[in-house]
Structures are given as structure tokens and as C-alpha cells.
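> no sequence for this one, just the structure:
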Ligand SMILES: Nc1ncnc2c1ncn2[C@@H]1O[C@H](COP(=O)(O)OP(=O)(O)OP(=O)(O)O)[C@@H](O)[C@H]1O
């Protein structure tokens, strides 16, 4: 049974010219747990994962597996399994052939191919051409590839993106199973709702900076009051709130504002000459907490 090691980001930054894609990021991902690496599009998730996997050099800081940078691991494929973008497969190859090529190139035992195909539920399709696979089957095949070396750490970028409800249900259970086996599982997503049912911990970034980390339950801010407000001129409303120093985020019924008193919001809107169509208190759910955290993220 593989033993997962912690993933550690220590003061990791990356600049692309004038853009601070990632800014002084520090957090640890524990073995035996599924950790959601969350943030809106462009927050810096992919850049962070690419640095972790030695594909991009950090401007400063270190990202390591059990204290060792990816490029210095003695057996990278048996330590870390990673899927960074939707894998492309040769459509004419079967799943078994595809994984066999990988296993041979990496010097892994060929028997692993059938083991991982079984693990992701593709055994009965192993000899079909990948060109005929559904998106869900391709995702499973991509995951099978990450498991070939039986690694203790899994790093998966948006593995749930584009899956149908059955595929989502399957992958949730699968991620849990991998963590229960003692592996370290880091899964990125731009939607909390997508991973909420499969993660134990969350690391949330916005504009390249850490805005929250901890157990999923730490996002449950029922005690923190919020106000929902809407207007026929939402841009003017948002500008008035920003000018008043209140952070806000888009929500289903309007804007979610981190404030306790609806009358305060009414006053701000009135003073700015903004008409209000909705105004009420709201006990926040996890998704709202997430949106409000990423809306309040630092400056790039
Ligand atoms: N090679 C690059 N050159 C210049 N800028 C880049 C490069 N890669 C990323 N960036 C910028 O860095 C920021 C973070 O991008 P990144 O792709 O890491 O975010 P993300 O959270 O993974 O978003 P998404 O989910 O959309 O991929 C963005 O502003 C992006 O435009």
C-alpha cells in the first residue's frame, strides 16, 4: 500500500512579466485526505500545480513532496501521479495498448495496466479503441494513467470538468477511496459545489493569493451574517458598495455583501442614488462563503 507524503508550498511566487500569477503561496496538503484546490478561473491554480510538478520554475519559494522537489524525486512516477489537462489519447489505440506504452516507457510492471484498468472500471472496455470512448471514459483512462506507478500522491487538475452526473458520482467515491488508502489527493476546481461532496480540506486562492485553508467545515460560516441586495442597475450598486469598502460577490439573487445590517446597505444605495429591487439578510451556505472569500481576494 503506497504511503502518501505531504505536499508543501512554502512562499511560492510566480511572475509572468508584469503579472503576479501566484503570490507568496504557503500551505500543506495532508496524506489520507482529499484536498480541494479552489479558486475562480485565472486565480493561479494551474500555474501553482505546474510549479509543483517541476514544469514551471517558481520566481521564489519551493513546492515539495515530503520535502523533495518533483525534479529531485528518485522515483517520480511511483511517488506522484498527475493529470494536468484533459489527456489526449491516440484514437486508434485501445486503452490497454495506451497504458502499456506508458508502462513500458516508465519501466513499470506490465501487470499494472490491468490492475489500474480494473480500478477505474474500464476492464471490459480495455480492448476497445479510445476514439470511441465517451468523455467520462477518457477521464477514467486519464486517471488510470496517473495510477500506473501506484503513487502515494495524486495531483489532478479539474478532474470533474465536463463529466456527466454518473461520472461525477463515480469520481467522488473514487477520490475518497484513494485518500482512504492513505494517499495524498489534491484536486483543483473553480467550483466549490463540484468538489464539495468529495473533499475533506480546502485551499482557496484568488488573484494568486491564499484566501482560506482548512477543513471544509471551516467554510461553514453560518454565524457570519450576509446581506443579499439587487438593483435594476447592478453595476452602479456594486460600485457604491466597493466605494463604501464592502466586499461583495455575485449570487443567484443579486449581490452577496459581507455585512450584517440590511439598513446599512439601503443607506449606501440611497446615498449613491441607486434603486434597490431586493434587500434581505442571508445566512450563508458553503458556496456563498466561497464566493465571498474569492471576491475579497488580494490585488495582483
Ligand atoms: N505562460 C504564461 N504567460 C503569461 N501569463 C500567464 C501564463 N500562464 C498563466 N498566466 C497568467 O497567470 C494567471 C493565472 O493563470 P492560471 O492558469 O494559473 O489560473 P487558473 O486558476 O488555473 O485558471 P484556469 O482555471 O482558468 O486555468 C492568469 O492571469 C494567466 O493569464
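That came through, no problem. Being a predicted model, the structure only gives us computed values, none of them experimental.
> how about the one residue in the stretch 101-250 of the chain that gets nearest to the ligand, what does it touch?
Nearest to the ligand in the stretch 101-250 of the chain, going by Cβ to the nearest ligand atom, is residue 190, at a distance of 5.1 Å. Every C-beta, even on glycine, is put in place using the N, C-alpha and C of the backbone. By Cβ atoms under 8 Å, 6 or more residues apart in numbering, the contact set of residue 190 is 38-41, 43, 45, 158.
> now list the buried members of these.
Among the contacts of residue 190, those classed as buried by 16 or more other Cβ atoms under 10 Å are 38-40, 43, 45, 158.
> surely residue 218 touches residue 212?
Yes. Taking contacts as Cβ atoms under 8 Å, residue 218 lies within contact range of residue 212: 7.5 Å.
> more neighbours: the two, which one.
residue 212 (19 against 12; other Cβ atoms under 10 Å).
> show me which positions of the helix or strand where that one lies end up buried.
Per DSSP states H and E, residue 212 falls inside strand 209-215. Of all the residues in strand 209-215, those buried under the rule 16+ other Cβ under 10 Å are 209-213.
> just to revisit the earlier point, quick check: phi and psi on the residue of the stretch 101-250 of the chain closest to the ligand?
The phi/psi pair for residue 190 (degrees, to the nearest 10) reads phi -90, psi 0.
> tell me the confidence at it?
On pLDDT, residue 190 comes in at 88.
> would you check how far apart it and residue 37 are?
Separation of residue 190 from residue 37 (Cβ to Cβ, to the nearest Å) stands at 10 Å.
> and the spatially most central residue of the chain, which helix or strand is it part of?
In the chain, the centroid-proximal residue (Cα atoms, centre = their mean) is residue 188; its distance is 1.7 Å. Here residue 188, judged by DSSP H and E, is contained in strand 184-189.
> that strand: partners in the sheet, and parallel or antiparallel?
As defined by DSSP bridges, the strand partners of strand 184-189 come to strand 34-38 (parallel), strand 153-157 (parallel).
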